[in-house]
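Colleague: Generate a structure from the sequence data that follows.
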Amino acid sequence: MSIIIYSIVYISSAIVFMLVCGLIFKYEIPSKVVFSLVAVGIILRIVLIPIQPVGSDDWYRYIWDGKVMDEGINPYRYAPANPALAQLRSTILPSRINHADMKTIYPPLAEILFYAAYKIDGESFLGLKLLLFIFDLATILGIFLITNKLVLNLKNILIYALCPLLLFQFFVDGHADGFGIALLVFSIFFYLDDKKVMSYLFIGLSASIKPISLILVPVLFFHEKSFREKIKVVIMSLAILALFYLPFIFSGTPFKALATFSENWTFNGIVFDLLNVFIKDNQRTRMICGILFVIFYLRTIMSHHKTINTVESLLQKIYVSIFLLYIFSPVVHPWYLSWLAILLPLVPRWSGIVYVSLISLTAFTVINYRSTGVWKEYLFVLLLEYVPVLALFVYELVRNDRSSEKTAVLQQ
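Modeller: Reported below is the predicted structural model:
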């Protein structure tokens, strides 16, 4: 599949997805039809598994790290291009790895899964995609369990099951976020099912694949009334993450490449890109974006919505927190939004649906890169993607605030 065909199909299916979501919200859908459509989504995933990744080459790094671990070498010790790993070189690895001069940035549980993928099918992407398929089925199951527990409309599952973002980013391009979101879904489920210790453990497990899960720790900290429970959510989540890093820190530098990535990489961040036009200083702009995020994040998680259901309030805070993280982040690749997509069946908001759809427009950058070798962002793409999303997000916040005020008046 060429990058042109990939982009056309991805963008057009994302547009269709928004229309489908409109129908999902408008009409009642019998449970048999819902399960049939979920089955269609699963079949689409299976069909896409054998396709060579098109929009990203990250999978080469994943498999290389797995290969390095298979040799008993700490993946955080050497960059792929390091001569110390010369004996592991093949016709495709590490020559096709992006930034082969950098050590890996991925957390330890992700590295363990890369090792498992390599053991399944060597330097092929198939082992990786098979694991992603298993984890994605778990994600769908977790969403179903939460939907059933909260007595939400079953049809909401379709927002996840039929989402093109997940089909393209996991089952075409094979991104590792699919592992982390499955664990995050179950951390939410266990918390709502009052199995809080399990919830905190799963937050730590998810963070061991990608740190974004840690955004739940302050949310739950302020949500809990018991001081003991507040301490448990912090200590247990971070302890699991630390335990996974422990075997790697004595013979490698797990955080070196991650720090470099965090300090320098930029892509598709609306607030960062607009501010940096005027500030023209990468580090200063990052600092301002970080401060702005913390201000809005704390305001979100420390607010008290006494007029609405506590569980509903909690889920909304998680949704808004992750949404804000992306708005103020310097880097927002399409697969990052999978962490938002898992919340849409539980907090069905148009801001999120439009966001996970319009981010497909970043394919224009990939097309240009494949054609010219230059990684270039387009302002018109950035505005076309974010203006509708931010307008909807602000509208939803205002509407919810007014709804809460009306409920408060009625209760007096």
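
Colleague: can you pull the pLDDT of Met1?
Modeller: What the model reports for Met1 is a pLDDT of 69.

Colleague: Then Val54?
Modeller: Per-residue pLDDT puts Val54 at 95.

Colleague: show me what contacts it?
Modeller: 1-3, 6, 172-173 (C-beta atoms under 8 Å, 6 or more residues apart in numbering). Every residue, glycine included, has its C-beta placed from N, CA and C.

Colleague: What strand or helix carries the most centrally placed residue in the chain?
Modeller: The residue lying closest to the centre of the chain (C-alpha atoms, centre = their mean) is Trp339, at 3.2 Å. Per DSSP states H and E, Trp339 falls inside helix 338-341.

Colleague: what residues does that helix touch?
Modeller: 159-160, 163, 165-166, 169-170, 175, 177-178, 180-181, 184, 210, 212, 319, 322-323, 326, 352, 355-356.

Colleague: if we can go back for a sec, could you dump the contacts of Val54 to JSON lines with distance to Ile188, neighbour count and secondary structure?
Modeller: Compiled in JSON lines, those are given as follows (distance: C-beta to C-beta, whole Å; neighbours: other C-beta atoms under 10 Å; DSSP: H, G, I helix; E, B strand; the rest coil):
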{"residue": "Met1", "distance to Ile188": "34", "neighbour count": "13", "secondary structure": "coil"}
{"residue": "Ser2", "distance to Ile188": "39", "neighbour count": "10", "secondary structure": "coil"}
{"residue": "Ile3", "distance to Ile188": "35", "neighbour count": "16", "secondary structure": "helix"}
{"residue": "Tyr6", "distance to Ile188": "32", "neighbour count": "21", "secondary structure": "helix"}
{"residue": "Val172", "distance to Ile188": "27", "neighbour count": "22", "secondary structure": "coil"}
{"residue": "Asp173", "distance to Ile188": "25", "neighbour count": "23", "secondary structure": "coil"}
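
Colleague: out of those, what pair is the most spread apart?
Modeller: Put simply, by C-beta to C-beta the two of those set farthest apart are Ser2 and Asp173, 14.2 Å from each other.

Colleague: Am I right that Ile63 is in contact with Phe114?
Modeller: Yes: under the criterion of C-beta atoms under 8 Å, Ile63 lies in contact with Phe114, with a separation of 6.7 Å.

Colleague: any common contacting residues for the two?
Modeller: By C-beta under 8 Å, 6+ apart, the residues touching both Ile63 and Phe114 are Leu128.

Colleague: one step back: mean confidence (pLDDT) on the helix holding Trp339, please.
Modeller: Computed over helix 338-341, the average pLDDT equals 98.

Colleague: following it, which helix or strand comes up?
Modeller: helix 350-358.

Colleague: Flag every buried residue along the following helix or strand past that next one.
Modeller: As assigned by DSSP H and E, the chain's next helix or strand after helix 350-358 is helix 363-372. Of all the residues in helix 363-372, those buried under the rule 16 or more other C-beta atoms under 10 Å are 363-368.

Colleague: tell me how far helix 363-372 is from the chain's mean position?
Modeller: 23 Å (C-alpha atoms, centre = their mean, to the nearest Å).

Colleague: try stretch 47-60
Modeller: 17 Å.

Colleague: In that stretch, which residues are buried?
Modeller: Applying 16+ other C-beta under 10 Å to stretch 47-60 flags 48-49, 53-56, 58-60 as buried.

Colleague: Which member of the residues you listed is positioned nearest Pro334?
Modeller: Gly55 (7.9 Å).

Colleague: Now do the phi/psi pair for the closest one.
Modeller: The phi/psi pair for Gly55 (degrees, to the nearest 10) reads phi -80, psi -10.

Colleague: pretty sure it contacts His175?
Modeller: No: at 9.5 Å, Gly55 does not count as touching His175 under the criterion of C-beta under 8 Å.

Colleague: Overlap of the contact sets of the two?
Modeller: Common neighbours of Gly55 and His175 (C-beta under 8 Å, 6+ apart) are Gln169.

Colleague: before we move on, the earlier item: now, among the contacts of Val54, which is nearest to Val40?
Modeller: Nearest to Val40 among these, with distances taken as C-beta to C-beta, is Val172, at 17.0 Å.

Colleague: you'd agree that closest one is up against Ile49?
Modeller: No: using C-beta under 8 Å, Val172 makes no contact with Ile49, being 9.1 Å away.

Colleague: Show me what the helix or strand encompassing Ile112 is in contact with.
Modeller: Under the criterion of DSSP H and E, Ile112 resides in helix 108-121. Outside helix 108-121, the residues that touch it by C-beta under 8 Å, 6+ apart are 62-63, 65-67, 69-70, 75, 104, 106, 126-128, 130-131, 176, 179-180, 205, 208-210, 244-245, 247-248, 254.

Colleague: Centre of the chain to that helix, how far?
Modeller: With C-alpha atoms, centre = their mean, you get 19 Å for helix 108-121.

Colleague: And stretch 55-65, by the same measure?
Modeller: 17 Å.

Colleague: any residues touching that stretch, and which ones?
Modeller: 3, 6-7, 10, 53, 75, 80, 92-94, 96-98, 104, 106, 110-111, 114-115, 117-118, 123-125, 127-128, 168-169, 172-176, 334-335, 363, 366.

Colleague: Now list the buried members of these.
Modeller: Buried members of the contacts of stretch 55-65, scored by 16+ other C-beta under 10 Å, are 3, 6-7, 10, 53, 75, 80, 93-94, 96-97, 104, 106, 110-111, 114-115, 117-118, 125, 127-128, 168-169, 172-176, 334-335, 363, 366.

Colleague: which ones are touching Ile3?
Modeller: Contacts of Ile3 (C-beta under 8 Å, 6+ apart): 54-55, 363, 366-367, 370.

Colleague: how about 6 Å then?
Modeller: 54, 367, 370 (C-beta atoms under 6 Å, 6 or more residues apart in numbering).

Colleague: Please name the nearest non-neighbouring residue to it.
Modeller: Arg370 (4.8 Å; C-beta to C-beta, 6 or more residues apart in numbering).

Colleague: And Asn74, by the same measure?
Modeller: Gly252 is the one closest to Asn74 (C-beta to C-beta, 6+ apart), at 4.0 Å.
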